[in-house]
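>>> 3D, please:
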Amino acid sequence: MPELKYDRSKYDKEYHRNWYANNREKCRARNREYYINNREKIIAKKSTKNNMGAKARVAERRAWLSAHKETYHCAECGISGSGRPEIIDFHHKSPEEKEREFTTLIMCKKERIMEEISKCTPLCANCHRSLHYGREAVTR
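Numbers count the residues shown, from 1 in each chain. Sure thing, here's the model as predicted:
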């Protein structure tokens with residue numbers, strides 16, 4: 001298969017920076033014209049749920065995760081998260097499989113959060129702390 005040769009200067013950051021500096025007014029004029037022609041479409045797109053602000057997205061995910069945590073029971077002592085989702089923690093069965101901390105997953109899609117939950121065991125806060133401090137967890 002023949003080797004493809006590219007003009008590297010076109011992909012250089014400096015090249016793009018210089019091009020934009022030389023064509024700034026042209027770009028601005030094109031963007032203004034696009035906005036004028038597509039104003040309603042742009043405004044509608046900004047107001048959709050998929051494009052809501054990051055704070056609103058995180059608030060929605062937290063509410064969803066709280067409701068989801070209510071369906072779990074502690075695997076050690078059996079206490080239910082029903083009505084008290086804050087007491088349920090997710091303990092990774094294998095630390096090697098852990099890709100991210102749960103606190104950072106709130107920015108991810110629900111499917112990604114569920115994927116990480118599938119690698120975990122639900123524990124109440126007391127059993128989870130006991131497990132991490134090397135003490136024997138409370139059993140039924």
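>>> Report all helices and strands that the helix or strand of the chain with the lowest mean pLDDT contacts.
Ranking every helix and strand in the chain by mean pLDDT, DSSP states H and E puts helix 102-105 at the bottom, with a mean of 78. For helix 102-105, the packing partners by 3 or more Cβ pairs under 8 Å, 6 or more residues apart in numbering; DSSP states H and E come out as helix 110-117. In this view, the C-beta of every residue, glycine as well, is placed from N, C-alpha and C.
>>> CA atoms only: put the helix or strand following the helix it packs on into CSV for me.
Next helix or strand after helix 110-117 toward the C-terminus (DSSP states H and E): strand 120-124. C-alpha atoms of strand 120-124 as CSV (Å, rounded to 0.1, in the frame of the first residue of the first chain):
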residue,chain,number,x,y,z
CYS,A,120,-19.7,-2.7,42.5
THR,A,121,-21.4,-4.2,45.5
PRO,A,122,-23.9,-2.0,47.3
LEU,A,123,-23.1,-1.4,51.0
CYS,A,124,-24.5,0.9,53.6
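>>> Pull out the buried residues from the following helix or strand past strand 120-124.
The helix or strand immediately downstream of strand 120-124 is helix 125-132, counting by DSSP H and E. By neighbour count on 16 or more other Cβ atoms under 10 Å, the buried set for helix 125-132 is 126-128, 130-131.
>>> Check which residues of the least confident helix or strand of the chain are buried.
For helix 102-105, the neighbour count (16+ other Cβ under 10 Å) marks Leu105 as buried.
>>> Run through who's touching that helix.
90, 112-113, 116 (Cβ atoms under 8 Å, 6 or more residues apart in numbering).
>>> what two of those residues are the furthest from one another?
With Cβ to Cβ as the measure, no two of those lie farther apart than Phe90 and Arg112, at 13.7 Å.
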